[in-house]
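[1] Below are the sequence and a predicted model for it; my questions follow.
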Amino acid sequence: GTEFIEAEVKAKFPSARTVRIDTDSVSKASELQEKLEDFKNGNYDILLGTQMVAKGLNFKNVKLVGVILADTGLHLPDFRSPERTFSLITQVAGRAGRYSPDGKVLVQTYCPDREPVLFAVTGEIQRFYEMELKNREIQNFPPFCRLARLVFRSPTLLQSQQAANGAKEILSKTLKEIYYSNSGTNNELKTLKDDAGNCEILGPAECPLSKIAQNYRQQIILKSENVHLLQYLAKKLLYGYTRPQDVYIECDIDPVSLL
């Protein structure tokens, strides 16, 4: 994507000195720092980049920032997508006009009325926060619950599916055992029993990024207000489940991404 934009920019502004920063054009940290310093010192006129150039940079002479396809992140199947989109636009907009009153930000989007884009453009942080918090509460996503993500990856699609299905059976069985248990003197089960009935098991399902590094990926999401219950379920699965030889299980409590 950035290569296409680079070609367009050079065609429109042939006399401008352009530098591109992304994972394809920068392989070393020293190379990244060198390009940023060159831009900061005025050796380049236009800086193109991915999210790498959106945060934490401070250039005195930058008066114009352009955001291309600002709504791309909204189409990812992750409940944090609106938050990330709003945050990214807000952060990259902060690169323009920090030392002059005539800084300008241009945001290109196919979804100008979607709240994360609209509120970022208009600077309505509180409105976005209140809207997003309400949506999270309706869907029972963090901060109103805790999550555990289990990913089953294998070079074979069938094995990843079978492992995830087998794990689902074990998790469901463990939840029922906790809920119907006579905890007696078992203090750990006592603290988990009340929440076992409200714990949700989502999946198994194919990960949005279904194949990475020649490995097929299936996932299960656990939702509960009690993080100790999630940890207990994950522990029971990881230490009590004989997984197929070619299957690797990843466990992430309060995952940052569901992709």
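    Good, I have the coordinates. The structure displayed is predicted, hence computed values, not measured ones.
[2] what's the nearest residue to V53 if we skip its chain neighbours?
    Leaving aside its chain neighbours, V53 sits nearest to I21 (5.5 Å; criterion: C-beta to C-beta, 6 or more residues apart in numbering). The C-beta positions use only the backbone N, C-alpha and C, and glycine is treated the same way.
[3] Tell me how many other residues surround that neighbour.
    A total of 19 residues lie near I21 under the criterion other C-beta atoms under 10 Å.
[4] Now do it, the pLDDT please.
    Looking at I21, its pLDDT reads 90.
[5] That one pairs with what?
    G49 (DSSP bridges).
[6] Does it touch Q51 like I think?
    No. Taking contacts as C-beta atoms under 8 Å, I21 lies outside contact range of Q51: 10.5 Å.
[7] mind listing what's buried in the helix or strand bottoming out on mean pLDDT in the chain?
    In the chain, no helix or strand scores lower on mean pLDDT, DSSP states H and E than helix 187-196, which sits at a mean of 79. Residues of helix 187-196 classed as buried: 189, 192-193, 195-196 (neighbour count, 16 or more other C-beta atoms under 10 Å).
[8] Farthest pair within those residues?
    L189 and D195 (11.2 Å; C-beta to C-beta).
[9] for the stretch 101-250 of the chain, what spans make up the helices?
    115-122, 125-139, 157-179, 187-196, 227-240 (DSSP state H, counting those that start in this stretch).
[10] and which of the buried residues of helix 187-196 is nearest to M131?
    Distances from M131 to the buried residues of helix 187-196, taken by C-beta to C-beta, are shortest for D195, at 28.3 Å.
[11] wait, what's in contact with the closest one?
    224-226, 229 (C-beta atoms under 8 Å, 6 or more residues apart in numbering).
[12] These: which two are farthest apart?
    Greatest spacing in those, by C-beta to C-beta: E225 and L229 (8.5 Å).
[13] Between those two, tell me which one has more neighbours.
    Taking other C-beta under 10 Å, E225 and L229 do not tie; L229 has more neighbours (23 against 14).
[14] quick one: contacts for that one?
    Neighbours of L229 in contact, by C-beta under 8 Å, 6+ apart: 178, 192, 195-196, 199.
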